[in-house]
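Undergrad: Kindly return the folded structure for what I paste below:
(chains A and B)
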2 protein chains.
Amino acid sequence: MKLIDQPRAPNPRRVNIFLAEKGITIPTEELNIPGKEHLTPEIKALNPVQTLPILVLDDGTAISESVAICRYFEELQPEPPLMGTTPLEKATVEMWQRRMEFNLMNNVAAVFRHSHPAMAELEVPQVADWAEANRPRVQRALEMLDAQLATNQYVAGDSYSIADITALVGVDFTKMGRIEVPDTLANLARWRAEVSNRPSAKAGMSK
Amino acid sequence: MKLIDQPRAPNPRRVNIFLAEKGITIPTEELNIPGKEHLTPEIKALNPVQTLPILVLDDGTAISESVAICRYFEELQPEPPLMGTTPLEKATVEMWQRRMEFNLMNNVAAVFRHSHPAMAELEVPQVADWAEANRPRVQRALEMLDAQLATNQYVAGDSYSIADITALVGVDFTKMGRIEVPDTLANLARWRAEVSNRPSAKAGMSK
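TA: The predicted model follows:
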């Protein structure tokens, strides 16, 4: 088994944090995204949409999509649970994971991909108006996260979960999009400090 | 328990098909999205992002995000399985569900929301260049789906799953985005006819 990985990119970071929280270590093969090492026929054969990371099993089976990779490990090794345990917990974690993914992380990515000069060759066409349209959406997502954390220790409730992982990666990704996280969001700041101090937060960043 | 629903809209349709495949019937309350009946403080209290559908449990707990609602019912009533059974199946179904959601359904939605005059009041700002940027992405997603169906009966392999539901809703949604599905995609056409003939395909459309 190996993980085809890209340190520092947000999706690979999600999977690396997830694995660190599970205490699972697997071999990684690092590709350079700005160097377009993921845009090869070999990668396309493993994943037609050519996103990273990709988990390759010993028999050659490839699993892509970060949350699908996390699901695989959650099912193989349920402890500690990062996707909920009861039906209601599982649905609640999935709901918050998706809210953080679609409203925060993906909107930050839209700002970054459609405004940053470094993405001009990878994001064709860059649509500047689309980057701008996403800036207020990111602010609303940060406010939603702050409101949720006013009455919950973690994003999906009392337990750390994959929703915290996506939210942290999304919040940290604001730097790349040159987006300010308002100081006034005190609940978000409390939570961010706490989850950033977990050893897992460094996974996939310092390799 | 009730489902706050909107017949014909793609996300509510996903949940309605899923429930029909499970043989589950629950009361629904229908809101009119063009009439902005979902943009009320009551709906915001149930779901801060104000998307439909929303599942409201008897104790008032609200679950939104279509796939999270599906997850809840999959866990409550595993048969027939629509999200896989083994760890590898669960990961594979989730991977294909997400590929169909992010590359097909969401890109069709981007074309529709950013180009259709009917969305001018709900999608602010409409970014015409973003609609156009998504048209070739939809074509690539349709080609990916066709290639997958060349060697698989269903989107995620041998069994009908939530990946077929998202794919069917995405393909059917092309009409609203005035996007042509090429006749040359014969595997897609074979599969589309087959899954459209299941009684579940009419769920959430004929109420």
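
Undergrad: all contacts plus neighbour counts: C-alpha atoms, from now on.
TA: Will do.

Undergrad: ok, now which ones touch A:Y72?
TA: B:P87, B:L88, B:K90, B:A91 (Cα atoms under 8 Å, 6 or more residues apart in numbering or on different chains).

Undergrad: so which helix or strand takes in it?
TA: helix A:66-76 (DSSP states H and E).

Undergrad: next SSE after that helix?
TA: Following helix A:66-76 toward the C-terminus (DSSP H and E): helix A:87-99.

Undergrad: residue ranges of the helices in chain A, please?
TA: Listed from the start of the chain, chain A has helices (DSSP state H) covering A:10-22, A:41-46, A:66-76, A:87-99, A:106-115, A:128-149, A:162-173, A:186-196.

Undergrad: show me which of the contacts of A:Y72 neighbour chain A.
TA: B:P87, B:L88, B:K90, B:A91 (Cα under 8 Å from any Cα of the partner chain).

Undergrad: Most neighbours of all these, which one?
TA: Most neighbours among the ones next to chain A among the contacts of A:Y72, by other Cα atoms under 10 Å in any protein chain shown: B:A91, with 28 neighbours.

Undergrad: got the contacts of A:Y72 as a markdown table, with distance to B:T166 and pLDDT columns?
TA: Formatted as a markdown table, these follow (distance: Cα to Cα, whole Å; pLDDT from 0 to 100):
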| residue | distance to B:T166 | pLDDT |
| --- | --- | --- |
| B:P87 | 21 | 98 |
| B:L88 | 20 | 98 |
| B:K90 | 16 | 98 |
| B:A91 | 16 | 98 |
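
Undergrad: Report the inter-axis angle for the helix holding A:Y72 versus helix A:87-99.
TA: 160 degrees (axes from the mean of the first three to the mean of the last three Cα atoms, to 10 degrees).

Undergrad: Mind listing what's buried along helix A:66-76?
TA: By neighbour count on 16 or more other Cα atoms under 10 Å in any protein chain shown, the buried set for helix A:66-76 is A:S66, A:V67, A:A68, A:I69, A:C70, A:R71, A:Y72, A:F73, A:E74, A:E75.

Undergrad: now that helix: mean pLDDT?
TA: Mean pLDDT, helix A:66-76: 98.

Undergrad: Could you check how far A:N197 is from chain B?
TA: 28 Å (Cα to the nearest Cα, to the nearest Å).

Undergrad: same question but for A:C70, I mixed them up
TA: Distance from A:C70 to chain B, by Cα to the nearest Cα: 8 Å.

Undergrad: what sits against that residue?
TA: A:V15, A:F18, A:L19.

Undergrad: need those residues in a markdown table with pLDDT, distance to chain B and neighbour count, can you?
TA: Formatted as a markdown table, the contacts of A:C70 follow (pLDDT from 0 to 100; distance: Cα to the nearest Cα, whole Å; neighbours: other Cα atoms under 10 Å in any protein chain shown):
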| residue | pLDDT | distance to chain B | neighbour count |
| --- | --- | --- | --- |
| A:V15 | 97 | 14 | 28 |
| A:F18 | 98 | 15 | 26 |
| A:L19 | 98 | 15 | 20 |
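
Undergrad: hmm, back to that, which members of the buried residues of helix A:66-76 define the maximum pairwise distance?
TA: A:S66 and A:E75 (14.4 Å; Cα to Cα).

Undergrad: which parts of stretch A:30-48 are buried?
TA: For stretch A:30-48, by 16+ other Cα under 10 Å, it's A:E30, A:L31, A:I33, A:H38, A:I43, A:L46, A:N47, A:P48.

Undergrad: what's the closest non-adjacent residue to the fifth one?
TA: Once flanking residues are discounted, A:I43 sits nearest to A:Q50: 6.1 Å by Cα to Cα, 6 or more residues apart in numbering or on different chains.

Undergrad: wait, what's in contact with that neighbour?
TA: Contacts of A:Q50 by Cα under 8 Å, 6+ apart are A:H38, A:L39, A:I43, A:K44.

Undergrad: Tell me the pLDDT of A:A163.
TA: On the pLDDT scale, A:A163 gets 98.

Undergrad: Give me the nearest residue to it, chain neighbours excluded.
TA: A:Q97 (4.0 Å).

Undergrad: what's near enough to touch the most far-flung residue of chain A relative to its centre?
TA: Within chain A, the residue lying farthest from the chain centre (Cα atoms, centre = their mean) is A:D59, at 26.8 Å. A:D59 makes contact with no residue, according to Cα under 8 Å, 6+ apart.

Undergrad: A:N103 too?
TA: Contact analysis of A:N103 by Cα under 8 Å, 6+ apart lists A:R137, A:V138, A:A141.

Undergrad: Got a PyMOL select line for the buried ones in these?
TA: Remark: buried members of the contacts of A:N103, expressed as a PyMOL selection using 16+ other Cα under 10 Å:
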select buried, chain A and resi 138+141
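
Undergrad: Go through the contacts of A:N103 and name the one nearest chain B.
TA: A:A141 (8.7 Å; Cα to the nearest Cα).

Undergrad: Could you break chain A into its assigned domains?
TA: Domain assignment for chain A, taken from automatic domain parsing, gives A:2-76, A:87-198.

Undergrad: closest one to B:A128 among the ones you listed?
TA: Across the domains of chain A, closest to B:A128 is domain A:87-198 (Cα to Cα), at 9.3 Å.

Undergrad: Now do the closest one: distance to the chain's middle.
TA: 9 Å (Cα atoms, centre = their mean, to the nearest Å).

Undergrad: ditto for stretch A:22-36
TA: Counting by Cα atoms, centre = their mean, stretch A:22-36 comes out at 14 Å from the chain centroid.

Undergrad: any idea how far the closest residue to A:I165 other than its chain neighbours is from B:L142?
TA: Nearest non-adjacent residue to A:I165, counting by Cα to Cα, 6+ apart: A:R14, 6.1 Å away. Plainly put, A:R14 is 28 Å away from B:L142 if you go by Cα to Cα, to the nearest Å.
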